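A.B. asks: Requesting a structural model of the entry that follows:
(one chain, ligands or ions: 2)
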Amino acid sequence: MTKVFTETMELANGIAMPQLGLGVYKMTNPEQTFEAISFAIETGYRAIDTAAIYENERETGEAVRHARIPREQLFITSKVWNTDQGYDATLRAFETSLEKLGLDYLDLYLTHWPITGKFVDTYKAIERLYDEKLIRATGVSNHHAHHLEKILVKANVAPMVNQIEVHPQLTQEPLRKFCNDNGIAITSWSPLARGKFLAEPTLLTIGEKYNKTTAQIIIRWHLQNNLIVIPKSVTPERIRENSEVADFILTSEDMEMINALNQDERTGTDPDTF
Ligand SMILES: NC(=O)C1=CN([C@@H]2O[C@H](COP(=O)(O)OP(=O)(O)OC[C@H]3O[C@@H](n4cnc5c(N)ncnc54)[C@H](OP(=O)(O)O)[C@@H]3O)[C@@H](O)[C@H]2O)C=CC1
Ligand SMILES: O=C1CO[C@H](CO)[C@@H](O)[C@@H]1O
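C.D. replies: Residues are numbered from 1 along each chain as shown. Ligands and ions are numbered 1, 2, ... in the order given. This next block holds a predicted model:
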């Protein structure tokens, strides 16, 4: 069995999204960013998660265009930043992102945060990009159920993905259930809680059992919960390590022990107080 995880998840419109991707937030050194993304693609990653606010769409696009993998086998996500929300502004922001990336289309485009009074129109613009086949899937990020409800009554095409903070200390079960009931896939951001509890004893014990690192145990927990997961690393050994999660399966007991670590504790901002 190959060690590198390459499975995909079917989104509501039937397209396949790789369940493991590379997050590129805080990759600010252009050369390092290009190298990290190129290395990830060589390792077997097929999805990259960027955003206009990360200011690395150019390097992301370069790595994608220089990859030995055909563009259609890669899955590129970007996000419209808060100051560009609203219908027309979102369309313009998308054009800028696409130009920086040097690509003809994106696989997924998200509203980054639900800005009051603007996020529904922002999503309507994303829907238009989908109708025009400039993106292959629609989505949002940091949306609670009450935000999604406002979108769902106005949308012709429901969001296919909601990217939210999820990790063992913030399991988000009620929102995951809401999304699941509405056919919305979830991507976990800060899936490793930015490294905050990699020395957690329960995770270390489970890791010893499988001869895997804590990061690998956490990533496997996301995957077995049917979450899309986008760990970030610029470090080649860690990029590889985070992908080598296909050769073991956590038992339901392990999963329960990890679920029990939940403290409803965020590393980032609550969308209601952003
Ligand atoms: N939609 C949104 O609002 C948000 C989206 N995101 C997305 O989610 C992605 C991931 O989240 P992020 O906040 O970056 O945090 P992660 O939980 O992915 O943690 C990244 C940190 O963990 C370190 N790390 C990675 N792998 C390992 C490992 N195997 N062992 C030890 N340390 C490791 C990295 O270090 P190093 O790089 O030095 O190796 C980095 O410091 C982002 O890059 C972004 O794409 C993130 C936040 C908000
Ligand atoms: O994607 C992101 C990366 O992290 C930032 C700081 O927490 C967030 O604001 C942003 O949503």
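
A.B. asks: Counting neighbours, what do you get for residue 154?
C.D. replies: Around residue 154 sit 11 other residues, with neighbours defined as other C-beta atoms under 10 Å. C-betas here are computed from N, CA, C, even on glycine.

A.B. asks: hang on, isn't it packed against residue 122?
C.D. replies: No - taking contacts as C-beta atoms under 8 Å, residue 154 lies outside contact range of residue 122: 11.3 Å.

A.B. asks: where's residue 4 relative to ligand 2, distance?
C.D. replies: Going from residue 4 to ligand 2 by C-beta to the nearest ligand atom, to the nearest Å gives 26 Å.

A.B. asks: List, one by one, the residues from the stretch 1-150 of the chain near ligand 1.
C.D. replies: Contact residues, the stretch 1-150 of the chain versus ligand 1 (C-beta under 6 Å from any ligand atom): 23, 24, 25, 49, 112, 141, 142.

A.B. asks: show me what contacts the fifth one?
C.D. replies: When contacts are counted by C-beta atoms under 8 Å, 6 or more residues apart in numbering, residue 112 is found next to 51, 52, 53, 79, 80, 81, 82, 141, 142.

A.B. asks: thought the last one was touching residue 119?
C.D. replies: Translated: residue 142. No - applying C-beta under 8 Å, one finds residue 142 not in contact with residue 119, separated by 9.6 Å.

A.B. asks: Give the intersection of the neighbour lists for these two.
C.D. replies: In contact with both residue 142 and residue 119: residue 113, using C-beta under 8 Å, 6+ apart.

A.B. asks: what residue ranges in the chain score low on pLDDT?
C.D. replies: 1 (pLDDT under 70).

A.B. asks: From the centre of it, point out the most distant residue.
C.D. replies: residue 209 (28.2 Å; C-alpha atoms, centre = their mean).
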